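J.: sharing a sequence plus its predicted fold:
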Amino acid sequence: MTIAYNKIEVRIRLAAVRSNYRLLCSRGSSIIAVIKADAYGHGLAEVAGALAKEGCNAFAVGTVEEGAALRRFLSAKGLNSRILVLLGPIDPDDYPLLWEHGLIPLIGSFRQLEALARQAARMGKALDMSLKFDTGMARLGFGTGDLARLLDRLREAPLVRPVMASSHLATADQPESVEYLLGQAERFAFILGALAKAGFVVEANLANSAGVLGHPSVHHQSQRAGIALYGANPFAGSAWDHLGRGLTPAMEVRTRIVSVHALPKGCSISYGCTYTAERDMRVAIVAAGYADAYSRSLTGRGAQMLVAGRRAPLVGRVCMQLTACDVTDIPDARPGDWAVLLGGDGPLAIRPEELASWWGTISYEVFCLLGMNRRVYI
Ligand SMILES: *Cc1c(COP(=O)(O)O)cnc(C)c1O
């Protein structure tokens with residue numbers, strides 16, 4: 001996953017993750033920390049360890065194998081936190097691991113439910129699970145039309161114990177889409193009513209980070225928060241920007257300047273000669289490129305780095321291991337200095353949402369991809 005000998009360095013501030021968790025706890029009632037995909041590129045074990053110190057005792061991962069890895073880590077620390085597996089079992093091999101590691105899978109199809117019931121009967125052991133409902137995301141989950149059959153099957157398979165009910169919001173971070181969110185909330189409430197009527201007492205969770213920060217009406221008993229833990233504001237740039245204030249980005253990415261040289265007026269730079277100097281310039285060549293997941297699509301989008309505390313615009317195409325930036329107005333820039341690609345100190349720090357917008361993506365993808373590089377914890 002990582003190319004350890006590349007120069008790019010991902011610095012993770014676990015104190016920021018902890019402070020973001022505290023902020024989320026002050027807004028929600030019971031936060032399940034979503035640390036899937038290697039904690040959005042911040043490191044599964046490191047983030048879980050930091051959050052455990054804040055008293056977090058419920059985590060959500062993506063795959064069963066990720067859950068098993070987290071369980072091994074937590075057990076070694078003497079912790080027996082709950083671990084939700086958001087994708088649920090996918091391969092046949094996944095099923096026995098749920099019991100072995102005490103994982104709570106989200107179960108959203110009859111296929112999964114039957115396989116789980118068969119495994120439970122084979123082992124003669126019960127398993128706690130969360131029923132996953134589709135209320136508008138249309139990815140995974142039982143629909144309202146499945147309820148009658150689902151309740152029948154649950155009554156017939158007492159070893160498969162629904163202790164939770166989950167659904168996922170599609171538009172919680174878009175203030176203009178509140179109607180859609182309310183529709184999802186209504187369907188979820190209807191489902192919870194049907195479960196309660198059938199005698200199933202569950203811990204319900206619907207809210208993601210944006211739901212925690214912006215929609216108290218969908219908080220239910222617990223909330224599954226991911227992106228805000230890492231300090232990105234789900235409402236960045238929207239009318240509700242202020243709701244994510246106080247979150248601190250935990251990831252900083254930097255690399256070395258390899259060379260600084262003149263680029264005389266009229267000369268072009270990098271592959272395809274797509275950029276030509278309109279004045280006499282100085283450029284810094286930095287050791288980062290698309291092989292480090294510093295995307296080639298940052299080319300020509302007004303993207304910037306931070307050099308000696310000042311903004312340096314990218315010039316020319318992003319290459320495999322090198323990128324050029326304009327340091328004409330940054331006389332301090334020297335080979336061997338750091339160039340900061342994400343984060344940095346002071347008011348000019350590059351915010352995750354800013355890098356994401358140049359990149360044509362969202363902060364989630366920026367974290368997941370850049371986080372695949374060598375990480376250090378500070
Ligand atoms: C990733 C994920 C979350 C967390 O969403 P954020 O927007 O990162 O807070 C919550 N629930 C499910 C099912 C997810 O897949």
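T.: Structure's in. What do you need? In this text the structure is predicted, and so the values were computed from the model without any measurement.
J.: only C-alpha atoms from now on, for both contacts and neighbour counts.
T.: OK.
J.: and the residue in the stretch 251-378 of the chain positioned nearest to the ligand, what is it in contact with?
T.: In the stretch 251-378 of the chain, no residue comes nearer to the ligand than Tyr364, which is 7.4 Å away by C-alpha to the nearest ligand atom. By C-alpha atoms under 8 Å, 6 or more residues apart in numbering, the contact set of Tyr364 is Tyr40, Ile227.
J.: does it count as helix, strand or coil?
T.: Three-state call for Tyr364 (DSSP: H, G, I helix; E, B strand; the rest coil): helix.
J.: what separates it from Arg317, distance-wise?
T.: To Arg317, Tyr364 is 24 Å away according to C-alpha to C-alpha, to the nearest Å.
J.: so stretch 225-239, near the ligand or not?
T.: Yes. Legend: contact between stretch 225-239 and the ligand by C-alpha under 6 Å from any ligand atom is shown at Ala225, Gly226, Ile227.
J.: next step: the residues you listed restricted to strands.
T.: Within the residues of stretch 225-239 next to the ligand, membership in strands is found for Ala225, as judged by DSSP state E.
J.: near the ligand, which residues of this structure?
T.: Val34, Leu86, His168, Asn208, Ser209, Arg224, Ala225, Gly226, Ile227.
J.: Throw these into JSON lines and include neighbour count and pLDDT, thanks.
T.: Shown next, in JSON lines, are the residues of the chain next to the ligand (neighbours: other C-alpha atoms under 10 Å; pLDDT from 0 to 100):
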{"residue": "Val34", "neighbour count": "29", "pLDDT": "98"}
{"residue": "Leu86", "neighbour count": "23", "pLDDT": "98"}
{"residue": "His168", "neighbour count": "26", "pLDDT": "97"}
{"residue": "Asn208", "neighbour count": "30", "pLDDT": "98"}
{"residue": "Ser209", "neighbour count": "27", "pLDDT": "98"}
{"residue": "Arg224", "neighbour count": "25", "pLDDT": "98"}
{"residue": "Ala225", "neighbour count": "27", "pLDDT": "98"}
{"residue": "Gly226", "neighbour count": "24", "pLDDT": "98"}
{"residue": "Ile227", "neighbour count": "22", "pLDDT": "98"}
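J.: how about the residues you listed in JSON lines, adding distance to Arg161?
T.: Output for the residues of the chain next to the ligand, formatted as JSON lines (distance: C-alpha to C-alpha, whole Å):
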{"residue": "Val34", "distance to Arg161": "22"}
{"residue": "Leu86", "distance to Arg161": "17"}
{"residue": "His168", "distance to Arg161": "21"}
{"residue": "Asn208", "distance to Arg161": "24"}
{"residue": "Ser209", "distance to Arg161": "27"}
{"residue": "Arg224", "distance to Arg161": "20"}
{"residue": "Ala225", "distance to Arg161": "24"}
{"residue": "Gly226", "distance to Arg161": "26"}
{"residue": "Ile227", "distance to Arg161": "29"}
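J.: of the residues you listed, closest to Phe190?
T.: When those are compared for distance to Phe190 (C-alpha to C-alpha), His168 wins out at 15.0 Å.
J.: which residues does the nearest residue to that closest one once chain neighbours are set aside contact?
T.: Nearest residue to His168, sequence neighbours excluded (C-alpha to C-alpha, 6 or more residues apart in numbering): Leu206, at 5.6 Å. Leu206 makes contacts with Ser166, Ser167, His168, Leu169, Ala185, Val218, His219, His220, Ser222, Gln223, Arg224, as judged by C-alpha under 8 Å, 6+ apart.
J.: out of these, which are buried?
T.: In the contacts of Leu206, burial by neighbour count holds for Ser166, Ser167, His168, Leu169, Ala185, Val218, His219, His220, Ser222, Gln223, Arg224, counting by 16 or more other C-alpha atoms under 10 Å.
J.: strands - which of the residues you listed land there?
T.: Ser166, Ser167, Gln223, Arg224.
J.: please name the bridge partners of the first one.
T.: This points to Ser166. Beta-bridge partners recorded for Ser166 (DSSP bridges): Lys132, Asn205.
J.: what residues are up against it?
T.: Leu106, Ser130, Leu131, Lys132, Phe133, Ala204, Asn205, Leu206.
J.: turn those residues into CSV, columns for pLDDT.
T.: Below are these laid out as CSV (pLDDT from 0 to 100):
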residue, pLDDT
Leu106, 98
Ser130, 98
Leu131, 98
Lys132, 98
Phe133, 98
Ala204, 98
Asn205, 98
Leu206, 98
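J.: can you put those in a markdown table and add distance to Gly145?
T.: Output for the contacts of Ser166, formatted as a markdown table (distance: C-alpha to C-alpha, whole Å):
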| residue | distance to Gly145 |
| --- | --- |
| Leu106 | 18 |
| Ser130 | 18 |
| Leu131 | 14 |
| Lys132 | 14 |
| Phe133 | 11 |
| Ala204 | 19 |
| Asn205 | 20 |
| Leu206 | 19 |
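J.: closest one of these to the ligand?
T.: Lowest distance from the ligand to the contacts of Ser166 (C-alpha to the nearest ligand atom) belongs to Leu206, with 7.6 Å.
J.: now the closest one. Its backbone dihedrals?
T.: With angles defined as degrees, to the nearest 10, Leu206 sits at phi -130, psi -40.
J.: quick check: mean pLDDT across the host helix or strand of Ala60?
T.: Using DSSP states H and E, Ala60 maps to strand 58-61. In this model, strand 58-61 has a mean pLDDT of 98.
J.: that one: which residues count as buried?
T.: When burial is assessed from 16+ other C-alpha under 10 Å, strand 58-61 yields the following buried residues: Ala58, Phe59, Ala60, Val61.
J.: between the two ends of stretch 295-306, what distance do you get?
T.: The stretch stretch 295-306 measures 17 Å between its terminal residues, going by C-alpha to C-alpha.
J.: could you report the neighbour count for Gly346?
T.: By other C-alpha atoms under 10 Å, 9 other residues sit near Gly346.
J.: tell me the contacts of it?
T.: Shown in contact with Gly346 (C-alpha under 8 Å, 6+ apart): Gly309.
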